[in-house]
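Participant: Pasting the sequence and the predicted model now:
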Amino acid sequence: MSDLSLAAAAPDCADDGVWLACIECGEQLAPFDEPTYRCPDCGGLLEARYEQYPTFEEFSGRGVWRYDAALPFDHGVSLPEGDTPLHEVPRLEADVGVRSLRIKHEGMNPTGSFKDRGMTVGVRVAEELGVSRLACASTGNTSAALAAYGGRAGLETLVLLPAGKVAAGKVAQAALHGARILEVDGNFDACLDIVSELADRGEAYLLNSLNPFRLEGQKTIGFEILETFRDEYGRFPDRIVLPVGNAGNTAALYKAFRELVRAGALAEDEVPMLTGVQAAGAAPMVEAIEEGYEDTERWEDVETRATAIRIGNPVNAPKALPGIRATGGTAVAVADDAITDAQRALAEEGVGVEPASAASVAGLRKLREEGVVDDGEDVVCLTTGHLLKDPDAAAAAGAEPEPVANDTEAILDHLSG
Ligand SMILES: Cc1ncc(COP(=O)(O)O)c(C=O)c1O
Ligand SMILES: N[C@@H](CCOP(=O)(O)O)C(=O)O
């Protein structure tokens with residue numbers, strides 16, 4: 001068993017400084033000999049390990065590649081990504097009633113979601129491996145990012161989408177960036193099963209978050225939040241609340257914290273509580289936390305307005321569940337209407353997010369009402385995708401346009417009426 005605890009000692013050194021390790025049996029693999037997504041011995045998830053883990057002082061530059069000392073390469077296929085805002089939301093902060101509330105808006109990445117952080121590293125690894133076709137299953141954002149970064153690298157991209165369940169903005173992005181789009185008569189989990197099989201047969205290089213290098217890019221969200229928060233407040237946040245679908249970000253943030261603890265840059269009692277939020281209609285991670293499972297049980301029927309997190313079989317659960325538990329966090333399910341209310345509240349303070357992103361704020365509100373989150377806490381909510389990703393959901397959540405005559409007096413009458 002590979003130790004995923006915060007207190008784990010630094011792993012044994014490998015000659016070349018980076019390798020892949022199975023989180024279940026500890027098997028170590030050379031990272032760039034051939035595409036590998038799971039342990040060939042036991043089927044466990046893999047994660048990248050390094051000979052050394054940097055402290056904050058070793059980071060320099062901007063965006064994802066500021067953190068190259070903690071990544072397998074010092075540059076990648078970049079648009080560029082990262083360096084996203086940590087918004088203040090004073091009205092929401094007062095309404096929720098916490099010491100401080102900041103919104104880390106990952107919708108401000110080049111294709112409008114956090115997936116860009118994963119792709120800049122993942123596509124760099126694809127180049128290293130010399131593959132020609134990249135593929136993913138997607139609820140939308142992964143496909144948009146893969147198409148853009150694959151296109152930038154001049155590689156063929158193939159995406160499998162659940163038919164009729166992907167927001168318009170995301171399909172448009174994937175199409176225009178040049179992906180070949182296959183609409184599958186099945187949900188996201190079925191698409192991922194198929195893409196994984198295609199990858200195992202050598203037909204394509206898989207760039208979902210099952211790919212450990214995707215998560216290397218995404219862990220920079222954790223580095224960025226901690227650095228920015230510490231620079232502004234002189235301390236680290238108590239809690240990070242995030243939407244959970246395939247559980248890649250939860251796993252990636254936990255990995256960032258573990259690496260900083262190992263480097264001596266973060267004390268164990270300074271690690272923020274990882275708090276996952278799922279839509280009530282797609283909540284296998286919440287079930288696993290509540291029931292004490294080590295992995296999720298697959299939900300075959302999932303439904304939510306937050307289509308980005310309409311996922312019933314989170315592949316990263318064995319990495320993410322220990323993270324939630326070890327940091328003293330929790331997981332909570334929220335109703336679709338609560339997600340829309342949170343989307344409106346964020347939008348009213350100028351922060352435009354897609355429904356799945358607003359789940360973090362909806363979850364925080366629920367946990368405050370339940371008394372799980374204390375009023376003295378410093379909280380960061382992660383918002384993962386931009387409002388324009390899902391224009392239909394935004395239009396439905398906002399006010400209806402009012403038809404008026406083409407006449408100034410009529411408009412003044414209308415406004416005063
Ligand atoms: C906008 C958005 N938010 C949240 C998630 C969930 O992230 P994760 O799969 O890393 O849990 C996804 C995709 O899964 C997403 O596209
Ligand atoms: N929301 C995701 C689902 C796939 O997640 P991944 O992180 O495993 O690629 C999407 O945008 O497709």
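Facilitator: In hand now; what should we look at? Ligands and ions are numbered 1, 2, ... in the order given.

Participant: OK, contacts around Glu294?
Facilitator: Glu294 makes contact with 288, 318, 321, according to Cβ atoms under 8 Å, 6 or more residues apart in numbering. All C-beta atoms are positioned from the backbone trio N, CA, C, and that covers glycine.

Participant: Nearest to Gly130 among those?
Facilitator: Nearest to Gly130 among these, counting by Cβ to Cβ, is Pro318 at 29.7 Å.

Participant: Could you report the neighbour count for that closest one?
Facilitator: By other Cβ atoms under 10 Å, 19 other residues sit near Pro318.

Participant: Look at it and give its secondary structure.
Facilitator: Secondary structure state of Pro318, per DSSP: H, G, I helix; E, B strand; the rest coil, is helix.

Participant: again with Leu364
Facilitator: Going by three-state DSSP: Leu364 is helix.

Participant: How about Ala256?
Facilitator: Ala256 is classified as helix under three-state DSSP.

Participant: pLDDT wise, what is it at?
Facilitator: Model confidence at Ala256, given as pLDDT, is 98.

Participant: any idea how far Thr142 is from Ser113?
Facilitator: Separation of Ser113 from Thr142 (Cβ to Cβ, to the nearest Å): 8 Å.

Participant: err, Val380, not the other one
Facilitator: Distance from Val380 to Thr142, counting by Cβ to Cβ: 23 Å.

Participant: try Glu409
Facilitator: If you go by Cβ to Cβ, the gap between Glu409 and Thr142 works out to 51 Å.

Participant: where along the protein do the strands fall?
Facilitator: 18-22, 28-29, 46-50, 86-88, 100-105, 133-137, 156-162, 180-184, 205-206, 239-243, 273-279, 330-334, 378-383 (DSSP state E).

Participant: a markdown table for the ones you listed, including distance to ligand 2, mean neighbour count and mean pLDDT?
Facilitator: Converted to a markdown table, the strands of the chain look like this (distance: least, Cβ to the nearest ligand atom, whole Å; neighbours: other Cβ atoms under 10 Å; pLDDT from 0 to 100):
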| stretch | distance to ligand 2 | mean neighbour count | mean pLDDT |
| --- | --- | --- | --- |
| strand 18-22 | 17 | 20 | 97 |
| strand 28-29 | 20 | 16 | 97 |
| strand 46-50 | 14 | 22 | 98 |
| strand 86-88 | 22 | 16 | 98 |
| strand 100-105 | 16 | 23 | 99 |
| strand 133-137 | 6 | 27 | 98 |
| strand 156-162 | 8 | 23 | 98 |
| strand 180-184 | 13 | 15 | 98 |
| strand 205-206 | 9 | 24 | 98 |
| strand 239-243 | 9 | 28 | 99 |
| strand 273-279 | 12 | 28 | 99 |
| strand 330-334 | 17 | 25 | 99 |
| strand 378-383 | 13 | 26 | 99 |
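
Participant: Quick check: Pro35 touching Gly130?
Facilitator: No. Pro35 is not in contact with Gly130 according to Cβ atoms under 8 Å; the separation is 10.0 Å.

Participant: Could you check which of those two is surrounded by more residues?
Facilitator: Pro35 (17 against 10).

Participant: Tell me which residues touch the more buried one, please.
Facilitator: 129, 131, 199, 202, 205-206.

Participant: With Asp301 instead?
Facilitator: Asp301 makes contacts with Gly312, as judged by Cβ under 8 Å, 6+ apart.

Participant: any idea how far Asn187 is from it?
Facilitator: From Asp301 over to Asn187 (counting by Cβ to Cβ), the distance is 8 Å.

Participant: For those two, list the residues in contact with both.
Facilitator: Gly312.

Participant: which residue packs closest to Leu198, ignoring adjacent ones?
Facilitator: Nearest residue to Leu198 in three dimensions, chain neighbours excluded: Ala204, at 5.2 Å (Cβ to Cβ, 6 or more residues apart in numbering).

Participant: And His386, by the same measure?
Facilitator: Counting by Cβ to Cβ, 6+ apart, the residue nearest His386 is Gly107, at 3.4 Å.

Participant: Just to check, that neighbour is in contact with Pro355?
Facilitator: No. The pair Gly107 / Pro355 is not scored as a contact, 11.8 Å apart, by Cβ under 8 Å.

Participant: if you count what's nearby, which of these two comes out ahead?
Facilitator: Pro355 (29 against 24).

Participant: How confident was the prediction at the closest residue to the more buried one other than its chain neighbours?
Facilitator: Among residues not flanking Pro355 along the chain, Ala306 sits closest, at 4.0 Å (Cβ to Cβ, 6+ apart). pLDDT for Ala306: 98.

Participant: if you skip the residues just before and after it, what's nearest to Phe56?
Facilitator: In space, Phe56 is closest to Ala265, 5.3 Å off (Cβ to Cβ, 6+ apart).

Participant: Tell me how far that neighbour lies from Arg258.
Facilitator: Ala265 is 11 Å from Arg258, by Cβ to Cβ.

Participant: the more surrounded of these two?
Facilitator: Arg258 (27 against 19).

Participant: got the residues of this protein near ligand 2?
Facilitator: 136, 138-142, 208-209, 245-246, 248, 308 (Cβ under 6 Å from any ligand atom).

Participant: where does the protein dip in pLDDT?
Facilitator: Along the chain, the parts satisfying pLDDT under 70 run over 1-2, 8-16.

Participant: who's in contact with the spatially most central residue of it?
Facilitator: Compute the mean C-alpha point of the chain, and by Cα atoms, centre = their mean the closest residue is Asn249, 3.9 Å away. Asn249 makes contact with 114, 218, 221, 242, 382, 384, according to Cβ under 8 Å, 6+ apart.

Participant: isn't Cys42 right up against Cys22?
Facilitator: Yes. Look at Cys42 against Cys22 with Cβ under 8 Å: they come within range, at 6.4 Å.

Participant: Can you tell me the closest non-neighbouring residue to the residue of the stretch 51-200 of the chain found nearest ligand 1?
Facilitator: Of all residues in the stretch 51-200 of the chain, the one sitting closest to ligand 1 is Asn141 (3.7 Å; Cβ to the nearest ligand atom). Spatial nearest neighbour of Asn141, excluding adjacent residues (Cβ to Cβ, 6+ apart): Ser113 at 4.0 Å.

Participant: Could you do Pro72 as well?
Facilitator: Val18 (4.8 Å).

Participant: For that neighbour, give the beta-bridge partners.
Facilitator: Counting by DSSP bridges, Val18 forms beta bridges with Tyr50.

Participant: before we move on, what about the one 10 residues further on?
Facilitator: Per DSSP bridges, the residues bridged to Gln28 are Ala21.
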